[in-house]
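Engineer: just coords:
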């Protein structure tokens, strides 16, 4: 299956990209996606091991399962207001 | 000695006057002024026995002593804001 | 706008006015490059009170004293938060439903102080400002709103003069 | 202005905008004949942070999510105080010193609720809104402000979808 990943702010700057399509085995979890990305090496290993992640605009835990077509956003610590 | 009394809001409406010059014995207290005014009978007996009173724009206790020329305001319970 | 009379240096801008209050003008009295938070409180005339339909309010003040009290309250709030950016305007006279009776603007580097000062000013106004309001009801009657009795300041008059 | 997505009926007006925020326009979104209190909070860009001189800020949002979160926060605040008069606007893009980054307007019959709701909205924004800010320093450097880690909502994703 394929998911769409989004990177914001410091993560986007670190990776040099705001968005990436990623192929994953069916039933992968958020945590597995993070591990897979980090295993690509530099610059992806600059992502934290357990970043805050939103799936389809809701923040979820690392064990949340992904589905084909999900929008997965990597969210650095926020500083709005 | 003579003092100037001011009446506001409900007190002014009750007395039908906003201001009154009052002659008092030297060294009278606020409480004595109130008693003297109330003893005039209607409508002055509609003033409470211990109203809030400001002397020269500061709220004082009933035992505060008055001086010639003081401005003495009778202040109903306030409702600003 | 007069400066407040009260303990400590007078730093706040306060006024009792008869004309309508422009919230933007009061806001413009505060703020600064070092401030990250601005808070504007507006008291407005409600169309009801204690279950009765209200048509309008008439505010009356002991004006000479009220400006001094407003200044003292604002300076106390300023002292608490260490900001000199506090402005308070209270209107008197006849007000229609929805009109602004009081505006309190505060700015400070951080938001906690702005909320604290804003709340302090309005609560102290309710307790200490020599202002009264006459509620005018839709049925044609009118009544002075039952308020709070003013308390004498702790120090004897002789000390205060 | 979009309506908030969240638990309960969507009642609040929220927006993420790129243009400058007009405080008067945000104020005008709240208020009503039954309200006696209006509170406007403005977050503004400070010229310093942690001892460094700041030249300006760049705000970035995950916009599609941020508008939903703002709506949820505003609706939660509205539900707490029983008022539907809450408006929240957050700006993104490049802001100069003194410019308004966020405006929160609340009105309610009594003041305690307005203060409560206003404070709730800004505190929750700091915790939950997917927005980041890049501080641009007078010395030419820039850095993303260290923020707060977002927390997963309690319910599992399967339930939430």
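Structural biologist: Yes, it's here. No experiment lies behind these values; they were computed from the predicted model shown.

Engineer: which SS class is residue A:33?
Structural biologist: Following DSSP: H, G, I helix; E, B strand; the rest coil, we place residue A:33 in the helix state.

Engineer: so what's the residue count around it?
Structural biologist: 22 (other CB atoms under 10 Å in any protein chain shown). Heads up, the C-betas are built off the backbone N, CA and C, glycines and all.

Engineer: OK, contacts around it?
Structural biologist: If you count contacts by CB atoms under 8 Å, 6 or more residues apart in numbering or on different chains, residue A:33 has them with A:3, A:5, A:22, A:24, A:66, A:72.

Engineer: strands of chain A, residue ranges please.
Structural biologist: Under the criterion DSSP state E, chain A carries strands at the ranges A:2-7, A:19-23, A:52-55, A:58-60, A:71-75.

Engineer: note down every partner strand of the second one and its orientation.
Structural biologist: So the one you mean is strand A:19-23. strand A:2-7 (antiparallel) (DSSP bridges).

Engineer: can you check the third one too?
Structural biologist: Strand A:52-55 pairs in its sheet with strand A:58-60 (antiparallel), strand A:71-75 (antiparallel), by DSSP bridges.

Engineer: contacts only, for whichever residue of chain A sits closest to chain C.
Structural biologist: Nearest residue of chain A to chain C: residue A:81, at 8.3 Å (CB to the nearest CB). Residues near residue A:81 by CB under 8 Å, 6+ apart: D:43, D:90, D:101-102, D:122, D:125-126, D:129, D:131.

Engineer: pLDDT at it, what is it?
Structural biologist: We have a pLDDT of 96 for residue A:81.

Engineer: with residue C:84 instead?
Structural biologist: Confidence score, pLDDT, at residue C:84: 88.

Engineer: the contacts of residue A:81: which ones sit near chain C?
Structural biologist: Of the residues in the contacts of residue A:81, proximity to chain C by CB under 8 Å from any CB of the partner chain holds for D:43, D:122.

Engineer: in strands, which of the contacts of residue A:81 appear?
Structural biologist: D:43, D:90, D:101-102, D:131.

Engineer: which of those residues are buried?
Structural biologist: D:43, D:90, D:101-102, D:131 (16 or more other CB atoms under 10 Å in any protein chain shown).

Engineer: before we move on, back to that, tell me the one of the contacts of residue A:33 nearest chain D?
Structural biologist: residue A:66 (8.9 Å).

Engineer: hmm, back to that, make TSV from the strands of chain A and add mean neighbour count and distance to residue C:141 to it.
Structural biologist: Compiled in TSV, the strands of chain A are given as follows (neighbours: other CB atoms under 10 Å in any protein chain shown; distance: least, CB to CB, whole Å):
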stretch	mean neighbour count	distance to residue C:141
strand A:2-7	18	63
strand A:19-23	12	67
strand A:52-55	22	58
strand A:58-60	21	55
strand A:71-75	22	59
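
Engineer: got the contact list for residue C:100?
Structural biologist: By CB under 8 Å, 6+ apart, the contact list for residue C:100 reads C:20-21, C:23, C:42-44, C:91.

Engineer: hang on, residue C:120 in a strand?
Structural biologist: No - with the criterion set as three-state DSSP, the secondary structure at residue C:120 is helix rather than a strand.

Engineer: check the gap between the closest residue to residue A:36 other than its chain neighbours and residue C:89 for me.
Structural biologist: Nearest non-adjacent residue to residue A:36, counting by CB to CB, 6 or more residues apart in numbering or on different chains: residue A:24, 7.0 Å away. According to CB to CB, to the nearest Å, residue A:24 and residue C:89 sit 61 Å apart.

Engineer: the two: which is more packed in?
Structural biologist: A count of neighbours by other CB under 10 Å puts residue C:89 above the other of residue A:24 and residue C:89, at 23 against 18.

Engineer: and the pLDDT at the more buried one?
Structural biologist: pLDDT, residue C:89: 98.

Engineer: and for the residue lying closest to residue C:39 once chain neighbours are set aside, the neighbour number?
Structural biologist: If the residues on either side of it in the chain are set aside, residue C:39 comes closest to residue C:114, at 4.2 Å by CB to CB, 6+ apart. Neighbour count for residue C:114, taken as other CB under 10 Å: 27.

Engineer: for residue C:114, give me the pLDDT.
Structural biologist: On pLDDT, residue C:114 comes in at 98.

Engineer: name the helix or strand for it, please.
Structural biologist: For residue C:114, the host element (DSSP states H and E) is helix C:111-128.

Engineer: centre of the chain to that helix, how far?
Structural biologist: How far helix C:111-128 lies from its chain's middle: 9 Å, per CA atoms, centre = their mean, to the nearest Å.

Engineer: just want the angle from it to helix D:111-128.
Structural biologist: Per axes from the mean of the first three to the mean of the last three CA atoms, to 10 degrees, the angle that helix C:111-128 makes with helix D:111-128 is 180 degrees.

Engineer: please give the number of neighbouring residues around residue 45.
Structural biologist: Unless you meant another one, I'm taking chain A. Neighbours of residue A:45 using other CB under 10 Å come to 12.

Engineer: that's the other chain; I wanted chain C
Structural biologist: Around residue C:45 there are 23 residues (other CB under 10 Å).

Engineer: now swap in residue C:51 and tell me
Structural biologist: Per other CB under 10 Å, the neighbour tally for residue C:51 reads 5.

Engineer: show me where chain C has helices.
Structural biologist: Under the criterion DSSP state H, helices of chain C are mapped to C:23-27, C:63-81, C:111-128, C:157-160.

Engineer: quick one: those as TSV, columns for distance to residue A:53 too.
Structural biologist: As requested, the helices of chain C are arranged in TSV below (distance: least, CB to CB, whole Å):
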stretch	distance to residue A:53
helix C:23-27	40
helix C:63-81	39
helix C:111-128	29
helix C:157-160	64
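
Engineer: and the ones you listed, which one is worst for confidence?
Structural biologist: Among the helices of chain C, helix C:157-160 carries the lowest mean pLDDT, at a mean of 43.
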